[in-house]
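Trainee: Here's my sequence, what's the structure:
(chains A and B)
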Amino acid sequence: MRLSDREVLLIKICLITLVVAALLWLVVNPVRVRWSEAGRQRADDRRGFLALKENVEKKKQLDRSISALGEKLGVKVQTGSPNEQRQAFIKEVDEVAKKNNAKIGSFVPSRSLSRRRRTAGTSATADYSISLETNQQGLVQFLKGLEGMARPVVFDSIDVKANEKEPDKLKVNLVLHTFIFDGRAL
Amino acid sequence: MRTHAYIALDIGPAGIHGCRAVIEGKDAVRIERWAEGRWDEPPGRDLRGRTAQIRQVLQDLRAADEGPSYRGVFCVHPSWSLTRNVDVPRAGAREIRECLALQVERQQALGRGGEILWDYAMLPDRASSGARQAVLVMCMGETLRPIEETFRDCGIPTVLATISPLSAYACLRRHADFPDGPRQVIVHLSDDGANVLETVDDVVTYCSWMPADDGGDVGSPLDMTAVKVSERMADGEVRNVVVCGTAESRARAREHFSRFEHVREFALPRTPPGVRVATGAGELGGAAAASAVIGLLLPKTPALGRRLNLIRPGLTLPWWAENVRFLFEREKAIPSAVAFVALLCLSSIATNKVESRLYARAVAKSPDVAAHVAAAEANLKTLRDYQRERAPLLDILLEITKSLPNGVLLNKLSIDKKGEIEMAGKCPSYASAEEIAAKLNKTPLFTKAVTGRMGGDEKGGVSFRTTCSLKRKPGSRE
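Mentor: Here you go, the predicted structure:
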């Protein structure tokens, strides 16, 4: 059987088309795979980046809110671990007492953060019980000093008794707690 | 530096003259081969069916080197074209082209309705008259299209087609000793006639062809040419006449132009400065034929204000477009497209990778941001809790002190966690003991104040015990 020129031409065209398609597939397919991989990787990284960007924006907004509220309440966010914050508070109370001639008889801090306040959704606090001797003026100045500290101090109870032998002297029992900040915030 | 290979042809009734050349830069042309062909019998302007000789010349020029891809440029004899100076309106290029198209259509009706290829160049404005003029060059499609198709059949895309007087003048102007003048008439003599050109500041403003007689006697046409020159000089602004040609033709013309005052002659050298002919390039008939061919290869010296192109009217591509034209040539279009798509894909992949790396680097540099956000949220909550719980103890004590009547001495004061206040002490009378509770109830801080357990003592005072509650208890979360 002899093929006509037309049939030979048709077969040649088909063969060439197949070869070209195969070559294109060999070249294009790896490029396509790399392209889609690169695109997927970029999409993942972009998601991570957008999350980071969102967090940065959120942090900025939170810092602004904290700064505004802290200024309003006269309080600064404390850094450091809870223990460091408690020790710093005790030191400051001692200084306030000395400055106002209030003699601290006992200063009993709670060993751990308040259980009552460590329940979920509430802020951590540290409780203190302070007994001291001072006169009326000294008591007012001492309380003013505590309220003026850049720490969130809440007075739970106060018990003031006059000394029968020395009417000017007052025996004061003070129960208070401070809020403990998350010191990781920069 | 990038070089371009060209094949240039000057085609006229006398024959075909051509060369293969390389443009080696801004002003340097190297001619590699000359070739010429003769017609079996001189053709008219219809070249359909007369392309065999053109093809033969093209093949002669290409035979030595099949390597590079060439571009074709050609010019045709002025007797196959029509050149007119026409008035044009003071308008934009588009309006001028539309206006000229109407004039060409009129010619088309006279010219048996065949296709007319045309282009124009604006002439410099003349201060004396407000009119604007353009040189309009027209040529029949039956002349140019067969030449263009022959080039194409030989695999050579054509980029320029013009008329030989303009390309010859571009070549003449290249010579440093060519007579110079702001406005002059140039008579370019050849065996079959003479071209009369008028130039203003080296720009051709008029072009006319004066054919020789059939017998080759140029005497009579030279008289006609002299008349034509007289017409051009009639306004008195043109004073110089330049006669170009071989020594013989100039000698013949001398007596006809003797009546003009300033006649200068210019002998045609073979090649102008910047053009060199490679050894073994062969020979060409004469300097007149060579000048028209060489003029096609000198893009920097257009005869008109801009280069006139009959096959691409109004289109003179800038150098950068000429440099990328090869991408769109038929045999390179598919590889160019494939390369372009591959480049796009690869650049897209590279961009994705770079972008991805930048994102990852930014994320890696700030791993603790989420923890910081959590800490900031916790601290904001702590501050809000404090805002709710805080009680101004000092204000409470001061309010109690202010509420006590004169003479009252407190022995004991306690405020417990529930906000219950108990105070005990001595006061001067029962009335003042009662007054304590009444005053406390009137303050904004206290409520439910009650005085109880009153009793007198031996010194005349009254001991008392008063209890009250804080309206807002310390530590309470309202």
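Trainee: pLDDT on the helix or strand hosting residue A:171, on average?
Mentor: For residue A:171, the host element (DSSP states H and E) is strand A:170-179. Strand A:170-179 shows a mean pLDDT of 87.
Trainee: That one pairs with which strands, parallel or anti?
Mentor: With DSSP bridges as the test, strand A:170-179 is paired with strand A:125-134 (antiparallel), strand A:153-162 (antiparallel).
Trainee: Would you convert those strands into TSV that also reports distance to residue B:463, mean neighbour count and mean pLDDT?
Mentor: Heads up, the C-betas are built off the backbone N, CA and C, glycines and all. Shown next, in TSV, are these (distance: least, Cβ to Cβ, whole Å; neighbours: other Cβ atoms under 10 Å in any protein chain shown; pLDDT from 0 to 100):
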stretch	distance to residue B:463	mean neighbour count	mean pLDDT
strand A:125-134	23	20	88
strand A:153-162	13	20	84
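Trainee: and residue B:375, which of those is closest to it?
Mentor: strand A:125-134 (16.9 Å; Cβ to Cβ).
Trainee: Please write out the alpha-carbon positions of the closest one in PDB.
Mentor: Output in PDB follows, covering the C-alpha atoms of strand A:125-134 (Å, rounded to 0.1, in the frame of the first residue of the first chain):
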ATOM      1  CA  THR A 125      -3.700  40.000  93.000                       C
ATOM      2  CA  ALA A 126      -1.400  39.900  96.000                       C
ATOM      3  CA  ASP A 127      -2.900  40.400  99.600                       C
ATOM      4  CA  TYR A 128      -1.100  42.100 102.500                       C
ATOM      5  CA  SER A 129      -1.900  42.700 106.100                       C
ATOM      6  CA  ILE A 130      -0.100  45.600 107.800                       C
ATOM      7  CA  SER A 131      -0.200  46.800 111.400                       C
ATOM      8  CA  LEU A 132       1.400  50.000 112.400                       C
ATOM      9  CA  GLU A 133       1.500  52.700 115.000                       C
ATOM     10  CA  THR A 134       1.300  56.400 114.200                       C
END
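Trainee: longest helix of chain A?
Mentor: Ranked by residue count and defined by DSSP state H, the top helix of chain A is helix A:5-73.
Trainee: Any buried residues in the longest helix along chain B, and which?
Mentor: Identified as the longest helix of chain B according to DSSP H is helix B:330-365. Using 16 or more other Cβ atoms under 10 Å in any protein chain shown as the test for burial, helix B:330-365 gives B:349, B:352, B:355-356, B:359-360, B:363.
Trainee: And the helices in the stretch 201-350 of chain B?
Mentor: Listed in chain order, the helices of the stretch 201-350 of chain B (DSSP state H, counting those that start in this stretch) span B:219-232, B:247-254, B:287-295, B:319-324, B:330-365.
Trainee: for these, which one sits closest to chain A?
Mentor: The closest approach between chain A and any of the helices of the stretch 201-350 of chain B, judged by Cβ to the nearest Cβ, belongs to helix B:330-365 at 3.7 Å.
Trainee: Does the closest one reach chain A?
Mentor: Yes. Interface with chain A: helix B:330-365 contributes B:342, B:345-346, B:348-349, B:352-353, B:355-356, B:359-360, B:362-363 (Cβ under 8 Å from any Cβ of the partner chain).
Trainee: domain ranges for chain A?
Mentor: What automatic domain parsing lists as the domains of chain A is A:1-73, A:82-179.
Trainee: can you put these in JSON lines and add distance to residue B:277?
Mentor: Formatted as JSON lines, these follow (distance: least, Cβ to Cβ, whole Å):
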{"stretch": "domain A:1-73", "distance to residue B:277": "45"}
{"stretch": "domain A:82-179", "distance to residue B:277": "95"}
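Trainee: With pLDDT and distance to residue A:55 added, can I get the buried residues of helix B:330-365 in a markdown table?
Mentor: Compiled in a markdown table, these are given as follows (pLDDT from 0 to 100; distance: Cβ to Cβ, whole Å):
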| residue | pLDDT | distance to residue A:55 |
| --- | --- | --- |
| B:349 | 83 | 30 |
| B:352 | 84 | 24 |
| B:355 | 85 | 20 |
| B:356 | 83 | 20 |
| B:359 | 84 | 14 |
| B:360 | 82 | 16 |
| B:363 | 80 | 10 |
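Trainee: Greatest separation within those: which pair is it?
Mentor: Using Cβ to Cβ, the buried residues of helix B:330-365 span at most 21.1 Å, a distance reached by B:349 and B:363.
Trainee: can you pull the pLDDT of the residue of the stretch 51-200 of chain B found nearest chain A?
Mentor: Taking Cβ to the nearest Cβ, chain A has its nearest neighbour within the stretch 51-200 of chain B at residue B:155, 21.4 Å off. Per-residue confidence (pLDDT) for residue B:155: 84.
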